[in-house]
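A.B. asks: Quick one: sequence and predicted model below, then my questions.
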Amino acid sequence: MMEELRKVVNELLNELDGVVALRGSSEGVAPHLFRSGNDLSELVIVPKYPMASVLDLLQDADSDVRLGVVARGCDERALIELAKRQQVNLDNVRIIGIACSAEEAEECRCALPYPQNLMVGEKVQGVEDRLIAEHEALARQERLEFWKRQFAKCLKCYGCRNICPECFCEECVLEDELWAQTGVLPPPFPTFHILRAMHTVGKCVGCGECERTCPAGIPLTILYSLLRRDAKELFGYEAGASIEDRPPLVVTLDEVPIRG
Amino acid sequence: MTTDFEPRIIGFLCNWCSYAGADTAGISRFKYQPNVRIVRVMCSGRVSPELVLRAFREGADGVLVLGCHIGDCHYVSGNHRTAKRMPILRRILEYVGIEPERLRLDWVSSAEAPKFQQVVNEFTKTIRELGPARQVIQ
């Protein structure tokens, strides 16, 4: 698969200004802008990294640059959500879609482990998030105790927000004393985390970066998975499915009604 | 639970319909539970989740959001946002173990004094039964 990916990237570099992908070297793995003539043997795809954010940054610097991006299913979905919120311009972007392996899909409990623009790799079946069912089986008091315990671990490092490809606001309510208490650790239950959860609705593409980056190991994806399910149930909305779908919470009932 | 618990409820009422509805209830001498502290907002669409959570953080036992009926919004579609956002917020409360009944959204027009009375009385009863929110919210 890597051979094929490098070949595809190499060909596309003839027509693009560069391709965003991960580069592995003795110093570790980091996002990199591969240019024509670069050593593509350094191009890697693990560990996962939110490539949409990198593209966003690069386009901020130069909006006309023609870029390719090596994107997994979640990266592509994140790009689509960013595009409909005017954060990236996909007209200038070539998505080089890669499929995740069955093991990766399992690890992420990912329902859609491949992009629409699949160029390299074979599609594997999505995985049902078993943690949702487990969570749903808990009684209210158990859920309260569970999340109180989890959120009490929070260091308020903002890692979940900073790594999130969909968190692009210049000013964040989570840093505003008006809405989330500042200077208190752990953040008093449950305002901080409810605010963040609320802000993922209609945007969260299920990449799981928030949970992976959390130094306290808070299982944020359980909450966000539930909300992705709700967005689908209430508004028929699946983040990242189509650039045409309007973000449900910011448009009228005429544009996106409540179902049921 | 102590029997002398008096619920503290914050009611966010829109200027054009619900606040006028509360006014009509007052003028008409309708009796209703005195537990709701009314905050007048220009539109129920202004009631962000941030505002609801701030009310809880400041010690509200329940939050009542009242706006114009769908189709009657003074700003045409301000309440559409409220209609979508409150059910989601209620679900998040439910997921983290907080009774979603502590947050209620309803539509009250300026003429619906009896409905205002009924909603306030029902909601106060609900919160009275649930007990203080401090049990669950810090």
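C.D. replies: Sure, I can see it. Numbers count the residues shown, from 1 in each chain, chains lettered A, B, ... in the order given.

A.B. asks: drop to CA atoms for contacts and neighbour counts, all remaining ones
C.D. replies: Noted.

A.B. asks: number of nearby residues for the residue of chain B found nearest chain A?
C.D. replies: For chain B, the residue closest to chain A is residue B:97, as judged by CA to the nearest CA, at 3.9 Å. Neighbours of residue B:97 under the rule other CA atoms under 10 Å in any protein chain shown: 23.

A.B. asks: which SSE is it in?
C.D. replies: According to DSSP states H and E, residue B:97 maps onto no helix or strand at all.

A.B. asks: Tell me which residues touch the residue nearest to it when sequence neighbours are not counted, please.
C.D. replies: Take residue B:97 and drop its neighbours on the chain: the residue closest to it by CA to CA, 6 or more residues apart in numbering or on different chains is residue A:144, 3.9 Å away. In this structure, residue A:144 makes contact with B:96, B:97, B:98, B:136, judged by CA atoms under 8 Å, 6 or more residues apart in numbering or on different chains.

A.B. asks: On the three-state scheme, the residue nearest the centre of chain B is what?
C.D. replies: Centroid check for chain B by CA atoms, centre = their mean gives residue B:64 as the closest residue, at 0.8 Å. Assigned with DSSP: H, G, I helix; E, B strand; the rest coil, residue B:64 falls in the strand class.

A.B. asks: Kindly state the beta-bridge partners for it.
C.D. replies: Beta-bridge partners recorded for residue B:64 (DSSP bridges): residue B:11, residue B:104.

A.B. asks: Where do the strands of the chain begin and end?
C.D. replies: All of this is about chain A. Counting by DSSP state E, chain A has strands at residues A:18-25, A:28-34, A:43-44, A:67-71, A:93-98, A:118-120.

A.B. asks: ah, I was thinking of chain B
C.D. replies: Counting by DSSP E, chain B has these strands, from start to end: B:9-14, B:36-41, B:62-67, B:103-107.

A.B. asks: Can you redo those as JSON lines, where the extra columns are distance to residue A:242?
C.D. replies: Formatted as JSON lines, the strands of chain B follow (distance: least, CA to CA, whole Å):
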{"stretch": "strand B:9-14", "distance to residue A:242": "35"}
{"stretch": "strand B:36-41", "distance to residue A:242": "35"}
{"stretch": "strand B:62-67", "distance to residue A:242": "32"}
{"stretch": "strand B:103-107", "distance to residue A:242": "31"}
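
A.B. asks: Make a markdown table out of these and add mean pLDDT.
C.D. replies: As requested, the strands of chain B are exported to a markdown table (pLDDT from 0 to 100):
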| stretch | mean pLDDT |
| --- | --- |
| strand B:9-14 | 98 |
| strand B:36-41 | 98 |
| strand B:62-67 | 98 |
| strand B:103-107 | 98 |
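
A.B. asks: Quick check: which of the ones you listed is nearest to residue A:7?
C.D. replies: Closest to residue A:7 of those, according to CA to CA: strand B:103-107, at 55.9 Å.

A.B. asks: Next, the angle strand B:62-67 makes with that closest one.
C.D. replies: 20 degrees (axes from the mean of the first three to the mean of the last three CA atoms, to 10 degrees).

A.B. asks: what residues does strand B:103-107 touch?
C.D. replies: With CA under 8 Å, 6+ apart as the test, strand B:103-107 has contacts from B:18, B:62-70, B:83, B:86, B:90, B:119, B:123.

A.B. asks: and if you look at stretch A:9-23?
C.D. replies: By CA under 8 Å, 6+ apart, the list of residues contacting stretch A:9-23 from outside reads A:29-36, A:40, A:42-46, A:51, A:54-55, A:65-70, A:96.

A.B. asks: Just the C-alphas of it, formatted as CSV.
C.D. replies: Provided in CSV are the C-alpha atoms of stretch A:9-23 (Å, rounded to 0.1, in the frame of the first residue of the first chain):
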residue,chain,number,x,y,z
VAL,A,9,1.9,11.2,-4.6
ASN,A,10,4.9,11.3,-6.9
GLU,A,11,2.7,11.6,-10.0
LEU,A,12,0.5,14.2,-8.5
LEU,A,13,3.5,16.3,-7.5
ASN,A,14,3.9,17.1,-11.2
GLU,A,15,0.6,19.1,-11.2
LEU,A,16,0.5,20.3,-7.6
ASP,A,17,2.6,22.8,-5.6
GLY,A,18,2.9,20.2,-2.8
VAL,A,19,1.3,17.3,-1.0
VAL,A,20,0.6,17.4,2.8
ALA,A,21,1.4,14.1,4.5
LEU,A,22,3.3,12.7,7.4
ARG,A,23,7.1,12.4,7.2
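
A.B. asks: Sounds good, over and out.
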